[in-house]
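Participant: Predicted model follows, preceded by the sequence.
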Amino acid sequence: FELFLFLFPPSPRMKRDWLWRETVVHQLSVSLEDLYNGTTRKLSLQKNIICRKCGGCGVREGAQRRCPKCHGSGMEVRIHQLGPSMIQQIQTVCSQCQGQGEWIRPRDCCLTCNGRKVVREKKILSVHLDKGKKGPSGERGPPQNGP
């Protein structure tokens, strides 16, 4: 699989989707007594979740998201006249939306996520260590849905 990724690098969208699927490792310090007797510890995590108010689009309902400068393509075409019957055409990343193809006016931003499309959510997980555990074994918690 790594060879495939080396030969065919993922697109920016694939990279964004790939990042949230990675396994996250958190270290939790426990004493020898806790391992022997068993214990339950709480672990506080923060993660980004898709904004429920705007559905992850970053704008209030009915607002225009397409960039007015590049018309949603993410690229600008500039034409310069160098002389009589000589022109130069340059294609660059859109300076207004930075190649995203969408641009959100400040007044149209979602009030919950401020146009970021995600909100931070704090979650507290309860980690239970069984009585008589022999040592660190890489405990796995339940899978979490979403980014």
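Facilitator: Perfect, thanks for sending it.
Participant: Could you tell me the average pLDDT over the host helix or strand of V119, please?
Facilitator: In the assignment (DSSP states H and E), V119 maps to strand 118-129. Averaged across strand 118-129, pLDDT comes to 87.
Participant: who touches that strand?
Facilitator: For strand 118-129, the external contacting residues (Cβ atoms under 8 Å, 6 or more residues apart in numbering) are 28, 30, 34-35, 38-51, 56, 112-113, 139, 141, 144, 147. Quick note: C-beta positions are derived from backbone N, CA and C, even for glycine.
Participant: strand partners of it, parallel vs antiparallel please.
Facilitator: Strands flanking strand 118-129 in the sheet, each with its direction: strand 39-50 (antiparallel) (DSSP bridges).
Participant: care to break the chain down by domain?
Facilitator: Following automatic domain parsing, the chain resolves into domains at 1-53+121-147, 66-103.
Participant: Which of these comes out lowest on mean pLDDT?
Facilitator: domain 1-53+121-147 - the lowest mean pLDDT of these, at a mean of 71.
Participant: circling back to that earlier point, is it possible to mark the buried ones in the contacts of strand 118-129?
Facilitator: 34-35, 39, 49, 51, 113 (16 or more other Cβ atoms under 10 Å).
Participant: what's the distance between S85 and I79?
Facilitator: Per Cβ to Cβ, to the nearest Å, S85 is found 13 Å from I79.
Participant: let me redo that: Q98
Facilitator: Taking Cβ to Cβ, one finds Q98 at 21 Å from I79.
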